[in-house]
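Q: when you get a sec, could you give me coordinates for this:
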Amino acid sequence: SSVNNPSEISDKSIYGDGTNSVIVMRHSTSLDQPLFTITSAGSAITLKNVIIDGGAIWDENGAAGTNSGLRATSVLINAFNESFYTKLILDENVVLQNNDKEYTSLQNYTETGSGIFIQGELTSNSNTNQIRTCCGIRGCAIQLFNNSKLNFYKGIIGGSSAKDANCSKMAGAAINCDYVTTPSNPGAEVILGSATNASDGSDVKISYNKCLSDGVVVIFGYSTLKAYNITISNNSGNRRCSGLYISRNSEGEVTGSFIKNNELTQSEPGGSVYVDSDSTLKMSDVEISSNVHSNGPGAAIYLDSTWLNVYLNNVTLKDNSSSSSGSDIYNYGNLYISGKNSLGDIYMASSNGYIYPRNYYDSTGTGTSSISSPLQVATGSYMGTITHVEESNFPTNDYDPADSSTYIQVLNETTAGDMSGLTSLFKLNVST
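A: Numbers count the residues shown, from 1 in each chain. Got it, this is the predicted structure:
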C-alpha cells in the first residue's frame, strides 16, 4: 500500500504484511515536511515492513552523485522534541532512502540530519533494515541529539555499492553525535552490534558512505560508543577521517570487528580511525586493513592529541597504504598495546607521543615486571628509538625460556634508525 499524506501516519506504529511493504513516498507538496513524525510522548513506535522514500532520483554514485528528482528541506523521520524523550523501533524490513536535504549554512545545526533525527532512543533489530541514499550537512542516515541512545543491534547503513551511498557535506554520513554538547548536556550513547554474536563483522555493516569532513561515524562531545561484530568498509572521506571518528571527551570500545577498504583523499593527516581531544578508544580483536590515504600521512589509525588514550589488544593492522608516513598508526598520543597485535608502520609524530607495551615478564619467566618509562620514539622516525621494552608474546601461565621465538626481550637497549621494515612491532627475537 502507499501513503501519500504523512500526517495520516504520524505517531502510529506501522506493520506491513511482510509481502508488500507499506510505502511512504515524498511528493512535491511535502518538501518541507517529515514523512514520519513522533509528536508526543508515550510508548515506543514500531516500524515493520515499511519503505520511506524522499523522492530523490540519484545517478550511479548514490547521494554522493547527482539528483534528478525531488529536493527537500526536511528529514524522512523526525523524532525530535526538546520537551520529551521519544522511542522508535525499526523491527525488520525497514528501508529509508532517497532524501536530498537542502540547507542554508554548513554551520546551522538546526538543519542537521536527513534520514532520522531523534532525541530519544532508536533501536534497529534486523539485518533487513537499511538506511541509504540520504544527503545533507551532517548526520545523514542518523542524527542523534543530546542525551539520546542508539541501539543499532543489526542493520545496514549505506549498502553494497556506491549507488547506496549516504553523503554528508560535513561530519557523520552514517551516524553523528556532533551537536552542541557540554559535560552537563552530553552527546549520545551508541551501541552497534551484539556482544553475544560471532566476530565476523556481520551484525552491522556501514559501507559505501561518503563524508566531505570528519568521519562516517562520529562519536563527539561526551558521547560513548560500544561496538561489537561490525564492519566499517568501503567508505570515503575528504578530510581527517574515512571511518570512525572519536572526539571531544568521548569514549569508544570496538570488539570483534573489521575496519577496511576505506579511503581518505585530502592532503592533511588522517585515517580510517581518528581520535583526538581528551578521548579514549579501546579496540580488541579488530582487523584494520587495506585502508588508503592517497594524499597525506596516516591511513589506518590517526591519534591527533597528546591528551588521548588508545588501547590495542589483539589488533591486526595490515595492507594499509599512505602516500606519506604512518600508514598503520600515526601517533601524537598515548598508545597502549597488549595481546597478540600485528602492527607495522608506526610513525611517532611528536616527542609527546608514547607507546606503552603491556604483559611484561622478566627474563626468568617467574614473574611480571614493570616498565619504568614508556617506549618513546624520536620525532620524525619510524620506531626510531626504543628506550625500554619488555614484552612477551602473550603467555598466560606457562613460560618456556627455550622457545626463544615466542618471546620478546629487549632490555635496556637502544636501537636507532629506520625500523619501518618490521612486519610487526613486537615480533622480534632478541637475546637477553
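Q: who's in contact with Pro297?
A: Pro269, Ser322, Ser323, Ser324, Ser325, Gly326, Tyr330, Tyr347, Ala349 (Cβ atoms under 8 Å, 6 or more residues apart in numbering). Quick note: C-beta positions are derived from backbone N, CA and C, even for glycine.
Q: any chance of the residues you listed in a markdown table, plus pLDDT and distance to Ser43?
A: Below are the contacts of Pro297 laid out as a markdown table (pLDDT from 0 to 100; distance: Cβ to Cβ, whole Å):
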| residue | pLDDT | distance to Ser43 |
| --- | --- | --- |
| Pro269 | 90 | 47 |
| Ser322 | 92 | 50 |
| Ser323 | 92 | 53 |
| Ser324 | 85 | 53 |
| Ser325 | 81 | 54 |
| Gly326 | 82 | 50 |
| Tyr330 | 88 | 48 |
| Tyr347 | 75 | 52 |
| Ala349 | 67 | 51 |
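Q: select only the buried ones of these in PyMOL?
A: Here is the PyMOL command that selects only those of the contacts of Pro297 that count as buried (16 or more other Cβ atoms under 10 Å):
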select buried, resi 269+322+325+326+330+347+349
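Q: now, the most widely separated pair of the contacts of Pro297?
A: Ser323 and Ala349 (15.8 Å; Cβ to Cβ).
Q: and for the nearest residue to Gly187 once chain neighbours are set aside, the neighbour number?
A: Spatially, and ignoring its direct neighbours in sequence, Gly187 is nearest to Ser223 (3.3 Å; Cβ to Cβ, 6 or more residues apart in numbering). Neighbours of Ser223 under the rule other Cβ atoms under 10 Å: 29.
Q: restrict stretch 190-204 to CA atoms and write it as CSV.
A: Provided in CSV are the C-alpha atoms of stretch 190-204 (Å, rounded to 0.1, in the frame of the first residue of the first chain):
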residue,chain,number,x,y,z
VAL,A,190,25.7,4.5,20.8
ILE,A,191,25.6,0.7,20.7
LEU,A,192,26.4,-1.0,17.4
GLY,A,193,26.1,-4.8,17.1
SER,A,194,25.6,-7.5,19.6
ALA,A,195,28.2,-8.7,22.2
THR,A,196,26.8,-12.2,22.0
ASN,A,197,27.4,-12.9,18.4
ALA,A,198,30.5,-14.2,16.5
SER,A,199,33.2,-11.8,15.4
ASP,A,200,32.6,-11.9,11.7
GLY,A,201,31.5,-8.3,11.4
SER,A,202,28.0,-9.3,10.2
ASP,A,203,25.8,-7.6,12.8
VAL,A,204,26.1,-4.0,11.5
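Q: quick one: mean pLDDT for it?
A: Stretch 190-204 carries an average pLDDT of 87.
Q: which residues sit against that stretch?
A: 127, 144, 149-157, 175, 177, 219, 223-231, 255-258, 285.
Q: buried members of the residues you listed into PyMOL, please.
A: The buried residues among these can be selected in PyMOL (16+ other Cβ under 10 Å) with this line:
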select buried, resi 144+149+150+151+152+153+154+155+156+157+175+177+219+223+224+225+226+227+228+229+230+231+255+256+257+258+285
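Q: show me the contacts of stretch 190-204 that map onto helices.
A: Among the contacts of stretch 190-204, no member falls in helices (DSSP state H).
Q: from the contacts of stretch 190-204, which land in strands?
A: 127, 144, 149-157, 175, 219, 224-228, 230-231, 255-258, 285 (DSSP state E).
Q: tell me what the residue nearest the centre of the chain is bridged to.
A: Centroid-nearest residue in the chain, with Cα atoms, centre = their mean: Leu244, separated by 2.6 Å. Legend: beta-bridge partners of Leu244 under DSSP bridges are Val217, Val273.
Q: so it sits right up against Val254, yeah?
A: Yes: assessed by Cβ atoms under 8 Å, Leu244 is found in contact with Val254 at 7.3 Å.
Q: joint contacts of these two?
A: In contact with both Leu244 and Val254: Leu225, using Cβ under 8 Å, 6+ apart.
Q: what's the weakest-modelled helix or strand in this structure?
A: Ranking every helix and strand in the chain by mean pLDDT, DSSP states H and E puts strand 408-410 at the bottom, with a mean of 32.
Q: for Asn127, which non-adjacent residue is closest in space?
A: Distances taken as Cβ to Cβ, 6+ apart place Lys154 nearest to Asn127, at 4.8 Å, with adjacent residues excluded.
Q: for Ser74, what are its contacts?
A: Leu31, Asp32, Gln33, Pro34, Lys101.
Q: neighbours of the fourth one, just the number please.
A: By the criterion of other Cβ under 10 Å, Pro34 has 25 neighbours.
Q: and the residue nearest to Asn295 when sequence neighbours are not counted, how many neighbours?
A: Nearest non-adjacent residue to Asn295, counting by Cβ to Cβ, 6+ apart: Ser267, 4.5 Å away. Using other Cβ under 10 Å, the number of residues around Ser267 comes to 15.
Q: against Tyr153, how distant is Ser267?
A: Distance check for Ser267 against Tyr153: by Cβ to Cβ, to the nearest Å, it reads 38 Å.
Q: with Asn238 instead?
A: Taking Cβ to Cβ, one finds Asn238 at 31 Å from Tyr153.
Q: same question, Ser327
A: Remark: distance between Ser327 and Tyr153 (Cβ to Cβ) = 33 Å.
Q: same deal with Ser213?
A: Ser213 is 28 Å from Tyr153, where distance means Cβ to Cβ.
Q: just put the contacts of Pro297 in JSON lines and tack on distance to Ser338.
A: Formatted as JSON lines, those follow (distance: Cβ to Cβ, whole Å):
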{"residue": "Pro269", "distance to Ser338": "26"}
{"residue": "Ser322", "distance to Ser338": "25"}
{"residue": "Ser323", "distance to Ser338": "31"}
{"residue": "Ser324", "distance to Ser338": "28"}
{"residue": "Ser325", "distance to Ser338": "25"}
{"residue": "Gly326", "distance to Ser338": "21"}
{"residue": "Tyr330", "distance to Ser338": "20"}
{"residue": "Tyr347", "distance to Ser338": "21"}
{"residue": "Ala349", "distance to Ser338": "23"}
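Q: now the contacts of Pro297 in a markdown table, with secondary structure and distance to Gly136?
A: Listed next are the contacts of Pro297 as a markdown table, based on DSSP: H, G, I helix; E, B strand; the rest coil; distance: Cβ to Cβ, whole Å:
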| residue | secondary structure | distance to Gly136 |
| --- | --- | --- |
| Pro269 | coil | 27 |
| Ser322 | strand | 30 |
| Ser323 | coil | 30 |
| Ser324 | coil | 32 |
| Ser325 | coil | 34 |
| Gly326 | coil | 32 |
| Tyr330 | strand | 30 |
| Tyr347 | strand | 35 |
| Ala349 | coil | 33 |
